[in-house]
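# A predicted structure for the sequence below; I have some questions about it.
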Amino acid sequence: MSRMLEEIRQQPAALERTLARELRRIERFKTVLERRKPRLVVLAARGTSDNAAQFGRYLLEITTGIPVSLAAPSVHTLYRARLDLREALVAGISQSGESTDINLVVERARALGALTIGITNEARSSLARLADHVLLVRAGREKSMAATKTYTGQVLALYLLAHALGARVRIDDLKGLPEWAEAGLALQPQIGALAERCRFIERAVVVGRGLNYATAFEFALKLMETCYVVAERFSSADFLHGPIAMVERAIPVFLFAPSGVTWKPMRQMLERLRVTQAEMHVITDRSNRAATRLPRAVCLPSRIDELYTPIPYIIPAQIFAACLAAQKGLDQDRPRMLTKVTRTL
């Protein structure tokens, strides 16, 4: 078994460990935020962590009503702009805590009056030292080049941040995430067979919406970096504004389709796609009965509220990327030209 698959399988335990060990810390941070509630949240990240930040933007705006911005690090690192961040919370998100530009964003934001927090897997990292507060992902050392367990750990940390900001994100609901993650792992035989069917693909389209927009981005990134598949990622709304024209029979389309407010536009798009004769692979759960009846649906057996689907939905996608890389004879643990820590300015 590859390290990537091993680490994918470690996620239920990593989620449970992160939740158990960080609850006290996040409750302390909640008291800080009650005294200093931000009018704006800025999330700074790169790569897989940036996909977690994209999820965080939707989660925090939906559940707290606080506007959220995704930082453009070059505004700080190259243009050296002075931003008024006196009533902002700036969160740096980095698996290693050693991303040069993210650390500079946090350092400058703190100097410019922001309250700062670092979300990282490394307690002794530069990010952990630079930020006012730290929220640790307790995933353990990640040895595979492709981030998997640290991604879901960051997503969990963002649920905890939403809780600290006053969102109706119940800790008891978060405690269900490890079990839902286990349910995703149980789908590996079905997903392995799907990867074998898709072993010759060179291009793909991945579509999500709302809270799972980031899930589409993260899955596409895994296809690109481990399988060398050119994977285009879209929200279903943007997809209909032109890119749908490129879909043809040879291009598989992967869709994240929970029940809830995003299902109606996703279903309408699926009906539009039928005329292309493209292979459509839907990741869903049994709460969405209409989606489970679709051909080639990958269905989690649990009923999951849409708010909590991003972690259990990405796990089958991670497994697919690992299995597809194996089918293609590629080493998913050591993709070409990549390093575990990327330092950019």
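That came in fine, so what should we check first? Numbering: from 1, shown residues only.
# Return the per-residue confidence for the residue nearest to I117 when sequence neighbours are not counted.
Leaving aside its sequence neighbours, I117 sits nearest to H133 (C-beta to C-beta, 6 or more residues apart in numbering; 4.5 Å). In this view, the C-beta of every residue, glycine as well, is placed from N, C-alpha and C. As predicted, H133 sits at a pLDDT of 98.
# ok, now which ones touch H133?
29, 32, 115-118 (C-beta atoms under 8 Å, 6 or more residues apart in numbering).
# Does A162 touch T63 like I think?
Yes - with contact defined as C-beta atoms under 8 Å, A162 reaches T63; the gap is 5.1 Å.
# who's more crowded, these two?
Shown here are A162 and T63; by other C-beta atoms under 10 Å, A162 has more neighbours (22 against 17).
# that older thread, any idea how far A157 is from the residue nearest to I117?
12 Å (C-beta to C-beta, to the nearest Å).
# for E202, same thing?
35 Å.
# neighbour-wise, which of the two wins?
Counted by other C-beta under 10 Å, E202 and A157 do not tie: A157 has more neighbours, with 26 against 11.
# Go through the worst-scoring helix or strand of the chain on mean pLDDT and flag the buried ones.
Lowest on mean pLDDT, DSSP states H and E among the helices and strands of the chain sits helix 236-239, with a mean of 87. By neighbour count, with 16 or more other C-beta atoms under 10 Å as the criterion, the buried positions of helix 236-239 are 236, 239.
# Dihedrals phi and psi, the residue nearest to V32 when sequence neighbours are not counted?
Setting aside the residues directly before and after it, V32 is nearest to H133 in space (C-beta to C-beta, 6+ apart), at 7.1 Å. Dihedral pair for H133: phi -130, psi 160, per degrees, to the nearest 10.
# How is the chain divided into domains?
3-175, 185-327 (automatic domain parsing).
# so which of those domains comes closest to D333?
domain 3-175 (4.6 Å; C-beta to C-beta).
# That closest one spans what distance, first to last residue?
26 Å (C-alpha to C-alpha, to the nearest Å).
# now swap in stretch 320-334 and tell me
Stretch 320-334 end-to-end distance (C-alpha to C-alpha) = 17 Å.
# check which helix or strand covers the closest residue to V137 other than its chain neighbours.
Ranked by C-beta to C-beta, 6+ apart and with sequence neighbours excluded, the top spatial neighbour of V137 is G153, at 3.4 Å. Using DSSP states H and E, G153 sits in helix 149-164.
# now for the helix or strand following that helix, which elements pack on it?
For helix 149-164, the following helix or strand on the C-terminal side (DSSP H and E) is helix 171-174. Counting contacts by 3 or more C-beta pairs under 8 Å, 6 or more residues apart in numbering; DSSP states H and E, helix 171-174 is packed against helix 11-35, helix 149-164.
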